[in-house]
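In: Task: produce atomic coordinates for the following.
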Amino acid sequence: MTETDTLIILSTIIILLVVSIMFTIYTFFLKKKSELLYSQQVKEASFESAIANAQIEIKEHTLNYIGQELHDDVGQKLSVARMMTNIILSKSEGKQKENFMEINLLLGECIQDIRNLSKTFITESILHFGLMDSLKKEINRITKLKLINAQLTINKPEIEIDPKHGLILFRIIQETINNVLKHSGAKNLDINISDNEENLCIFIKDNGRGFLEDESKQGSGLKNVVSRAKLINADYQLKTAIGEGTSVTINYHK
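Out: This next block holds a predicted model:
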């Protein structure tokens, strides 16, 4: 082997070593970059989750406060007013007595409605009754008030679900119903709940005026609902068109 051949072999070995070292360094930095990006994504997701949780806690605290005030303050005042009408009613006669009887009955209905409404706001009440019973109470309430013709269909008599996740699902459905009542102009509202071992599917459909889907993306209400859904591993999809009503599908993955 000549000296030239030896030099060529040595040069080739050195080049291969340099390439190998560079490849190792490149792979190392690529791995570190991937780990850094993943770590950043985890931190961002954790931060978004913390913000969403904080927003939910604030809203739940506010709803609890409103529910308690309705029950303890407004409800008590109406109860006192009813007691006073009872006293007047016992001393009244004829047409005046009939008028006070109507007032008394109306006050009784208002007291019961406020109690029912306060229960839909107070977290402990929903956790106690569960998702399905709370939904039935909510549908009965809006039906009784003749706000809309609402129908609730459930494929099982009992549905097992984490109580805290059930609370979040209830708030999502409640927000969706409130949007229908406020904006859709619908006369009919159908809520269909289907449960199996892997998924709980909630389908909400109204026959209202509908709107452009791009408009829904601009509101903070939908963003809050989507954030709530993500926290419990649920998908929230909204479909609508002008003149064709609106449908919402919520898929909760157990």
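
In: Report the central residue of this structure.
Out: I172 (2.2 Å; Cα atoms, centre = their mean).

In: now that residue, what's its secondary structure?
Out: Following DSSP: H, G, I helix; E, B strand; the rest coil, I172 is assigned to helix.

In: That one contacts R228, correct?
Out: Yes: between I172 and R228 there is a contact under Cβ atoms under 8 Å: 5.5 Å. C-beta: built from backbone N, CA, C; applies to glycine.

In: contacting residues around stretch 163-178?
Out: 56, 59-60, 120, 123, 126-127, 130-131, 134-135, 138, 142, 150, 161, 189, 191, 200, 202, 204, 221, 224-225, 228-229, 231-232, 234, 236, 248, 250, 252 (Cβ atoms under 8 Å, 6 or more residues apart in numbering).

In: in it, what's buried?
Out: Within stretch 163-178, the residues that qualify as buried are 165-177, counting by 16 or more other Cβ atoms under 10 Å.

In: Can I get that stretch in PDB, CA atoms only?
Out: Below are the C-alpha coordinates for stretch 163-178, written out as PDB (Å, rounded to 0.1, in the frame of the first residue of the first chain):
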ATOM      1  CA  PRO A 163     -70.600  13.700  38.900                       C
ATOM      2  CA  LYS A 164     -68.200  16.600  38.200                       C
ATOM      3  CA  HIS A 165     -68.200  15.800  34.500                       C
ATOM      4  CA  GLY A 166     -72.000  15.500  34.700                       C
ATOM      5  CA  LEU A 167     -72.100  19.000  36.100                       C
ATOM      6  CA  ILE A 168     -70.000  20.400  33.300                       C
ATOM      7  CA  LEU A 169     -72.200  18.600  30.700                       C
ATOM      8  CA  PHE A 170     -75.200  20.100  32.400                       C
ATOM      9  CA  ARG A 171     -73.800  23.600  32.200                       C
ATOM     10  CA  ILE A 172     -73.000  23.100  28.400                       C
ATOM     11  CA  ILE A 173     -76.500  21.900  27.700                       C
ATOM     12  CA  GLN A 174     -78.000  24.700  29.900                       C
ATOM     13  CA  GLU A 175     -76.000  27.300  27.900                       C
ATOM     14  CA  THR A 176     -77.100  25.800  24.600                       C
ATOM     15  CA  ILE A 177     -80.700  25.900  25.700                       C
ATOM     16  CA  ASN A 178     -80.400  29.500  26.900                       C
END
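
In: Where does pLDDT dip in the stretch 101-250 of the chain?
Out: Low-confidence segments of the stretch 101-250 of the chain, defined by pLDDT under 70: 213-221.

In: quick one: the helices in it?
Out: Assigned by DSSP state H, counting those that start in this stretch, the helices in the stretch 101-250 of the chain fall at 123-129, 131-144, 163-179, 213-216, 220-231.

In: distance of the residue nearest to N86 when sequence neighbours are not counted from D206?
Out: Using Cβ to Cβ, 6 or more residues apart in numbering and skipping the chain neighbours, the partner closest in space to N86 is N104 (6.5 Å). Applying Cβ to Cβ, to the nearest Å, the value for N104 to D206 is 37 Å.

In: more neighbours, the two?
Out: D206 (27 against 18; other Cβ atoms under 10 Å).
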